[in-house]
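Q: What shape does this take:
(3 chains)
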Amino acid sequence: MRREPILNAALALLLLAAPLAAFVLDEPFYISLTTRIVILAIAAAGLNLALGFGGLVSFGHAAFFGIGGYAAGILAAHAFNMEPLLGLPATDLMPTIWIVAVLICAIVALPIGAISLRTSGVYFIMITLAFAQMIYYFAISWPAYNGEDGLSITVRNAFPGLNTANPLSFFLVCYLVLMAVLAVIWRLRDSRFGAALQASRQNAVRVSAVGIRPFRIRLVAFILSAVITGIAGALFADLNRFVSPSMMSWQMSGELIVLVILGGTGRLFGPVAGAILYVLLEFMLGGITERWQFFLGFILLGVVLFARGGIVGVIAGKVRHD
Amino acid sequence: MPTALIVEQLLNGVQFGIMLFLMAAGLTLIFGVMGLINLAHGSFYMVGAFACAAVAAATGSFWLGLVASLAAAAALGALVEVTVIRRLYARDHLDQVLATFALILILSEATRWLFGSFPLYLNIPPLLGGAVALPGGVQYPIYRLAIIVAGLAIGVGLYLLIAKTRLGMRIRAGESDREMIGALGVDIRTLYTVLFALGSALAGFAGAMVGALQSVQVGMGEPVLILAFVVIVIGGIGSIKGAFVGALVVGVTDTMGRVLLPPLLAAAIGPAQASGIGGALASMSIYIVMALILAFRPRGLFSAQG
Amino acid sequence: MILKLAATAIALALGASAAYAEPVKVGMITTLSGGGAGLGVDARDGFMLAVKLSGSKDIEVITEDDAMKPELAVQIADKMIQSDKVDVLTGIIWSNLAMAVVPNAVAQGKFYLSPNAGPSPLAGAKCDKNYFNVAYQNDNFHEAAGNYAQTEGIKKMFILAPNYPAGTDSLNGFKRFYKGELVGELYTKLGQTDYAAEIAQIRASGADSVFFFLPGGMGIAFMKQYAQSGVTIPVMGPGFSFSQDVLGAIGDAALGAKNTASWSPDLDNAKNKEFVDAFKAEYNRIPSIYAAQAFDTGNLLISAASKASVKDADAFRAALAAAEFDSVRGKFKFNTNHHPIQDFYVREVIKNDEGVLTNKILAKTFTDHADAYAQDCKL
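A: So this is what the prediction gives:
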């Protein structure tokens, strides 16, 4: 049997089993830790759609992560204080918040993508960074929502039928979102759209020779990836019950790229593997020494130099096209 | 705003730009010739500053410190190239991003391990201290003029190196077609090591020069790294002239933005609001300029590639 | 008979003190890596020195690095509360990390003792019975500077700070007490390192004095560039701009600068002398204000732990609020919102007998000063 589906299933089960075990053992912290991994996996999966499949190295995806986070935070704050936002009543229902996050991310990603996709290579990387930095500095300076001090979410947003304050319930919400996102990406990848996207990564000239416009495909992919990362941002804000401009910093964009590469660029469960490894390393090393970043650097370097194709690449081998 | 002040601010913008040029020159060479995205460039900047501070504190001489910064950054650059970077040329940009990102973590924490958590003392040598009166009644710090002179000298030196020497010829050839010069018998491996060491040395020198005027602490290279990337992208990758022009554009835009935007906005919408929004706009100004330039010239102003 | 009574008395006394010597588990989350590590290292060292000097065997401290990232701090706090089962949290230096961690921590019923960050929401509307700030409220040092400028009769001030909440709070605090003419009010970019443009504006403004709040590397860069610029207008700032951890890096450019703080290494009381001497002996450097505040935090905790069990939340809280410990600041008292009511001094940067730059107290500018947000707190 092929290794990659087995690996994917194993990762999915592992992510489900760990918090259940933690629940049984009454260690609620490990449930939130796994939730953090799941949310970062969603964010990285969004980036992977653009970066892995589309070859669009966006160094500004943290902006969408942050926009999603602020959507959740601002709506929650207004709902808590019972103030309307822009004339409309605020809500603290997660599905509504996700829809708002999706809409705003799509509206922001459209012009950013339209301008950035005129460039390529490192120019593309830098212009996406530029846009993200603009949004970041704006968020820091805008006084209405505390700027750099960030916005606290007093009560986690609600999901109909569940008590989201319960770590296990919130984890299940995030896990289901992750599985849904991965399912969508899986279908996309194997669809005509996905084929055209991956083809335009490999050889854009040929794609246009066949009559497909790479620009349009890439723009759609970019917007989709932004939207997915935005949903992750909204969930992240609810996990931490806090949102701040640091979610939009270039260091966060860098971390998202690291997650994708670590797990395996362009692999379906690559973001999941990358998120698991990175968060666990950060957590375990941080508990051992204050010089943890030094050792984390060495481990990452080792993975890059010796584990080609990331974790999924090492375990499941190269991508099979049969 | 009086003209003298505007002239002084323009000069400040130019000087800031030259500082960025020092950083960006090495980066554009490394990227242009070797095709390598080096996120760790900011770490060599930091190492240069720390080496200068340490040697200057030990020997009492800033000049010795400056030499030490060049030597330390070049040596570290060569070491890193031989051990890590060499394995990355064949890999794609993403692996280079991850590897050099890991290098940042390692080098930052190693520096903190060696030198401690507190910022270091590094000050301007007495020879270059104080201010001098320029025509027009502006008092300008001598050291900043020295930075401008140093930056111009390095710019000219690099230009001559690239345009007039054999090494420069090989570098230009490598920018156009990497495989061909290998096929023609040029020793690529040594060329690349030399180039990486040169780029790192430039960064280290910039770190030492600028560190004397700013703060020498861990992580000082990262904000500059981002700006350096902005510079080389605006200027066009691989082009020294582009790096110079790009650096001036960034330096002047940032400085004049900081100076002019808040009062202009205050005149339009009132001082209380203006300070917040003006500050935000000023911070965003260089990124707005970069996005505009790339929108019209997707490969930068003076791209050396194609 | 008397022996029996004596024995019972001794047994009771031993039993009583044993009941209050219950172990307290402390989770310290502070910045130990990256550019801002100097402050976190000082805070950790000050706190641990307090624990060591007290000889108490009942305080167990778990320390972890937050790398200045709010989401990491939240994760570490959750781990310490849910997994390590700490009773008290402390250590955070930066206000944005405090805003991320403190509401979550006190909502889970844990105590939080702040050795530094004092954001205004936590002093006002979002105050909590389990949150105690041993250091100051963020505006205080700036208010003291404004007061000093006002009482010294300085006519024209130029003020600047970075464009982020602590910066805007700083200038608001200054303006709360300074009523003279402001010839310039600038908000710089956070993390900016080149101040030539701002210094040129200062020169052109004709101010009598400059007040700036630029923490960390920003302040070092500003002072060095200011000294080179030929501008002779005197500068002043809150204690953070001239604290011990950055004075060494600024060098002689800082000499003569005035700054305001709640403490100085030369503050004349017995506990402070003991603290400074012990810190120098243990760590080979003069303590900064972050170390002093953390030392007080440690001693506050120890004093409360010796009076009540941390498992009895109400008793422990009362013991904390009573604040019966020897502070390096002399007298110490909490306001209703659990922030200190304390004196503030004007310090000047000097070179001491060993040629090391440090601060010396010039005068007192506030006596028993409370913060401006206490009335918003419902405690």
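Q: Any buried residues in stretch C:258-269, and which?
A: Across stretch C:258-269, burial judged by 16 or more other CB atoms under 10 Å in any protein chain shown covers C:Lys258, C:Asn259, C:Thr260, C:Ala261, C:Ser262, C:Trp263, C:Ser264, C:Pro265, C:Asp266, C:Leu267. Glycine gets a C-beta too; all of them are placed from N, C-alpha and C.
Q: Take the residues you listed and write them to CSV, including secondary structure, distance to A:Pro28 and pLDDT.
A: Output for the buried residues of stretch C:258-269, formatted as CSV (DSSP: H, G, I helix; E, B strand; the rest coil; distance: CB to CB, whole Å; pLDDT from 0 to 100):
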residue, secondary structure, distance to A:Pro28, pLDDT
C:Lys258, strand, 50, 94
C:Asn259, strand, 45, 95
C:Thr260, strand, 44, 95
C:Ala261, strand, 41, 95
C:Ser262, coil, 39, 95
C:Trp263, coil, 40, 95
C:Ser264, coil, 45, 95
C:Pro265, coil, 44, 94
C:Asp266, coil, 48, 93
C:Leu267, coil, 45, 93
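Q: ok, so what distance separates the residue of chain A most remote from its centre from A:Ala221?
A: Largest separation from the mean C-alpha position in chain A: A:Ala209, at 33.3 Å (CA atoms, centre = their mean). Applying CB to CB, to the nearest Å, the value for A:Ala209 to A:Ala221 is 20 Å.
Q: and if you look at B:Pro135?
A: Between B:Pro135 and A:Ala221 the distance is 57 Å, computed by CB to CB.
Q: What of A:Val122?
A: From A:Val122 to A:Ala221 the distance is 19 Å (CB to CB).
Q: try B:Met290
A: 23 Å.
Q: Of B:Pro135 and A:Ala221, which one has the most company?
A: Between B:Pro135 and A:Ala221, counted using other CB atoms under 10 Å in any protein chain shown, the more crowded position is A:Ala221 (27 against 6).
Q: The closest residue to that one other than its chain neighbours: neighbouring residues, count only.
A: Closest residue in space to A:Ala221, ignoring its immediate chain neighbours: A:Gly54 at 4.6 Å, by CB to CB, 6 or more residues apart in numbering or on different chains. The number of residues packed near A:Gly54 is 25, by other CB under 10 Å.
Q: Same question for A:Pro5.
A: Number of residues near A:Pro5 (other CB under 10 Å) recorded here: 12.
Q: Can you tell me the element it falls in?
A: Applying DSSP states H and E as the criterion places A:Pro5 in helix A:3-24.
Q: Also B:Met256?
A: Using DSSP H and E, B:Met256 sits within helix B:240-269.
Q: For that helix, buried residues please.
A: Of the residues in helix B:240-269, those buried under the neighbour-count criterion (16+ other CB under 10 Å) are B:240-262, B:265-266.
Q: And for stretch C:45-55?
A: Neighbour-count burial for stretch C:45-55 [16+ other CB under 10 Å]: C:Asp45, C:Gly46, C:Phe47, C:Met48, C:Leu49, C:Ala50, C:Val51, C:Leu53, C:Ser54.
Q: Stretch C:123-137 too?
A: Across stretch C:123-137, burial judged by 16+ other CB under 10 Å covers C:123-124, C:126-128, C:130-137.
Q: So B:Leu198 sits against B:Gly26, correct?
A: Yes: B:Leu198 lies in contact with B:Gly26 (CB atoms under 8 Å); the separation is 6.9 Å.
Q: Who has more neighbours out of these two?
A: B:Gly26 (32 against 22).
Q: Just say helix, strand or coil for the more buried one.
A: Under DSSP: H, G, I helix; E, B strand; the rest coil, the three-state class of B:Gly26 is helix.
Q: so it touches B:Leu202, yeah?
A: Yes: here B:Gly26 reaches B:Leu202: they are 3.6 Å apart, a contact under CB under 8 Å.
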